[in-house]
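> everything below, folded, please.
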Amino acid sequence: MSTQTANAQIILPTSHGQPIVMEAVNLSKSFQEGSGAELNILKNINLTVRMGDKIAIVGASGSGKSTLLHLLGGLDTPTAGQVFIDDKEMLRMKEVDRCRLRNRKLGFIYQFHHLLPEFTAQENVAMPALIKGVPPYQAMKKADVLLEKVGMTRRLDHKPAELSGGERQRAAIARAMVNEPQCICADEPTGNLDKATAEQVFRVLLRLNQEFGTSLIVVTHDMALAEKMDIIYALEEGHLERRK
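Residues are numbered from 1 along each chain as shown. Modelled structure (predicted):
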C-alpha cells in the first residue's frame, strides 16, 4: 500500500446510476527483473465497475491484462493503490476474510476451466456454495438450476474428462455463478475454444449477465468478442484507457 493512502480513508464516489460493486484506485504493480531493474506493469489505474456492467479489457500479450484482473479479484497484491469490493478495502482485510469476500461476492472463469477431475459437473458447480456453508442438498439444487441454464442438464453426472471443451467451460460459468456474485472476472474465457464454440459459450455468459444483473469483466484478445460488451478498455504501456 502506498504511504499516500496508508493512513487515509478513501471515500468512494457516489454512483449516479447503478451501485458501484468494485473500485480500483491508483492501482500499480511492479516486478523486479533479473538485472535488479524495476518493471512497471500497471501504472496508477483507476476503474469503476457498476452493477450489471459488461466490461472488456483488451491489450497485447504480456501487457498485464491478467495481472490487472488478479489484482481486481484480490488474487494478487498491488505495489500501490487500493481495491474495494462492496465498499470493503481488500488490502486491509485478513486473508481469511479476503477469501470469504471473494467466495461470496466474486466469480472467476479462466481460459482453462480448472474443474476438479474427480468430481462430476454437478459437484464442481456446487463446490463454491458448499465452501460458503450452503447445506449440500441446497448447493446441489442450485448447481442443477445453473447447469440447466447453460444447457448441461443431461451432463450433471459426467466428470470433466467426459465433457467437451465447450461443456467444461459452460460448467465453469455455472460454477462462477452459483453464489450469485456481484461481479464475474473472466480471463480469456473462450481462448481455448474453436470460434463456433467460443461464440456459443460467450452468448451463455452474456445471457446470464443480463438475467442476473451480475457485473462482468472479461479479459480477451478477441476484439470481435470485446465489441459485444458495453465498455471496452485498452491496456497499453501500463495505462488503462477507455475505448468504448
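> CA atoms for contacts and neighbours, from now on please.
OK.
> for stretch 72-85, give the mean pLDDT please.
Average pLDDT, stretch 72-85: 91.
> can you give me the buried ones in it?
Under the neighbour-count criterion of 16 or more other C-alpha atoms under 10 Å, stretch 72-85 has 72, 73, 74, 77, 78, 79, 80, 81, 82, 83, 84, 85 buried.
> would you mind measuring from residue 179 to residue 173?
Shown here: residue 179 relative to residue 173, a distance of 12 Å by C-alpha to C-alpha, to the nearest Å.
> count the neighbours of the closest residue to residue 20 other than its chain neighbours for me.
Closest residue to residue 20 apart from its sequence neighbours, by C-alpha to C-alpha, 6 or more residues apart in numbering: residue 50 at 4.2 Å. By other C-alpha atoms under 10 Å, the residues close to residue 50 number 21.
> and residue 96, that's in a helix?
Yes - using DSSP: H, G, I helix; E, B strand; the rest coil, the assignment for residue 96 is a helix.
> distance check, it against residue 102.
Residue 96 is 10 Å from residue 102, by C-alpha to C-alpha.
> who has more neighbours, those two?
Neighbour count, other C-alpha under 10 Å: between residue 96 and residue 102, residue 102 has more, with 19 against 9.
> tell me which residues touch the more buried one, please.
Residue 102 is in contact with 73, 74, counting by C-alpha atoms under 8 Å, 6 or more residues apart in numbering.
> swap in 7 Å and give it another go.
Going by C-alpha atoms under 7 Å, 6 or more residues apart in numbering, residue 102 touches no other residue.
> need the next SSE after whichever strand or helix holds it, C-terminal direction.
Using DSSP states H and E, the secondary-structure element containing residue 102 is helix 95-105. The element immediately downstream of helix 95-105 (helix or strand, assigned by DSSP H and E) is strand 106-109.
> who's more crowded, residue 179 and residue 173?
Neighbour totals were compared for residue 179 and residue 173, and residue 173 leads with 28 against 24 (other C-alpha under 10 Å).
> verify the stated contact: the more buried one with residue 109.
Yes - with the criterion set as C-alpha atoms under 7 Å, residue 173 and residue 109 qualify as a contacting pair; they are 6.4 Å apart.
> in contact with residue 161, which residues?
With contacts defined as C-alpha under 7 Å, 6+ apart, the neighbours of residue 161 are residue 117.
> what about it, which SS state?
When states are read from three-state DSSP, the local structure at residue 161 comes out as helix.
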